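S.K.: no sequence on this one, just coordinates:
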C-alpha cells in the first residue's frame, strides 16, 4: 500500500533535501505559510541542505522571496516571480471573505483608494516603512483611525498589487510598493495558466494529495481545483486509497523509511497542506498538535508521522528545547540532541534538550 506520509516527506524536501537556497525552497514549494516569521524561517531552512537563518532574512531583504497575504488567506512566503499570478487567483476570494467586516469597520472603495494613494506617496523611491510607520502615515493623512482598520487596508492593498513585503528595518518587517520592488511581471498572465501552474507546483511538492487537499491549501473552489487537475492529468499518476484518490508526480520513488526524527516548526506545510491530515496525524493525537482555535504547534515527525511536539526557549547563546512524545518512547523514536543539530546550525546557538 502507498506510504502517503513517507512520500510526502520526500516531495516536501524534508527527507534527503537537495535545495541549497531559500529561493530554491520557495520556488519548489510555491508558497509557505508564515504568520510566525521565526518559525517560517525554520520551515524554509529545514528543507535546505545546509540551512542558515541569515540566508532567509537576506532573501527577504533582497526581494527574492516575499511575505504577503495569499491563498486561504493568511501570511505566506512566496517566490517573487509567482506573486502576481497568485494574487490573480486569490484576490477576489480574499476580498469577499473580508467584505462584511469591512462594512462593520466603515471601509469602502473610497477609503481604500485614498489609502492606496497614501501608500504610493510615502513608499515611492524605495522608502520601505514598518507597519507602525505606515499606520502613522495613514492616520496623519486621515485615511484611517485604528489598527483594526489598518489590518484590512493593508490586506486589501496586497490583493490589489499595491503592497508587498520590503527589506527589514532594525529587525522589523516593512512594506514596499510591489511594482517597485518586483519589476519582473512574470510569464503567467491568464487565470487558466495560473491554475495549471498552481496544480503543477502543488502535486509536485506535496503529493500524494487529493483535489480536496488542493482546494483547502490554495483557497480555490473545488471546481477550479478539479480544472487544475484536468489540465495536468497527463503529468500525474493517481492511486485510490479508501474513499480518496491521491495524485502525485510519477518521477519520484522514495528510498524507504529510516526512522530519522525530523522536528518541524509551528504551522509547517507537512500538516497545513492537506485538508485531511490522517496520514501524518492520528485523530487521538490531533488536539496535542493543533489547538482548538487552530494553532499548529511545532511537531516531531518520524517517517512522515507526527510522534510528539516541542517548544523552545531562547537564551543569549543557547536554546532550551523541550520535547514531548505522544506515547511512550521506543527504540525507533528515541530523541537525542543529534536530532536538533541542524536547528542548532541554523540558529547559531547551542541546543539544550529537555525531555
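M.R.: Sure, I can see it. This is a predicted model, so every value here is computed, not measured. Numbers count the residues shown, from 1 in each chain.
S.K.: Which parts of the stretch 101-250 of the chain are helices?
M.R.: 109-122, 131-140, 147-159, 178-181, 191-206, 211-218, 222-232 (DSSP state H, counting those that start in this stretch).
S.K.: residues near residue 121, how many?
M.R.: Using other C-beta atoms under 10 Å, the number of residues around residue 121 comes to 11. Using the backbone N, CA and C atoms, a C-beta is placed for each residue, glycine as well.
S.K.: for this protein, what spans make up the strands?
M.R.: Taking DSSP state E, the strands of the chain run over residues 31-33, 65-70, 74-79, 129-130, 163-165, 174-177, 237-241, 244-248, 261-264, 299-302, 305-314, 318-325, 350-354.
S.K.: pLDDT score assigned to residue 255?
M.R.: Predicted confidence (pLDDT) for residue 255: 69.
S.K.: now do residue 351
M.R.: 87.
S.K.: wait, what's in contact with it?
M.R.: Applying C-beta atoms under 8 Å, 6 or more residues apart in numbering, we find residue 351 in contact with 318, 319, 321, 337, 340, 341, 343, 344.
S.K.: cool, residue 162 as well?
M.R.: Applying C-beta under 8 Å, 6+ apart, the residues near residue 162 are 116, 119, 120, 177, 178.
S.K.: nearest spatial neighbour of residue 91, skipping sequence neighbours?
M.R.: residue 159 (4.1 Å; C-beta to C-beta, 6 or more residues apart in numbering).
S.K.: For residue 236, see how far away that neighbour is.
M.R.: As judged by C-beta to C-beta, to the nearest Å, residue 159 and residue 236 stand 30 Å apart.
S.K.: Between those two, point out the one with more neighbours.
M.R.: Comparing residue 159 with residue 236 by other C-beta under 10 Å, the one with more neighbours is residue 159, at 22 against 18.
S.K.: Make TSV from the strands of the chain and add distance to residue 195 to it.
M.R.: Output for the strands of the chain, formatted as TSV (distance: least, C-beta to C-beta, whole Å):
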stretch	distance to residue 195
strand 31-33	15
strand 65-70	15
strand 74-79	16
strand 129-130	34
strand 163-165	22
strand 174-177	27
strand 237-241	18
strand 244-248	15
strand 261-264	29
strand 299-302	31
strand 305-314	31
strand 318-325	41
strand 350-354	43
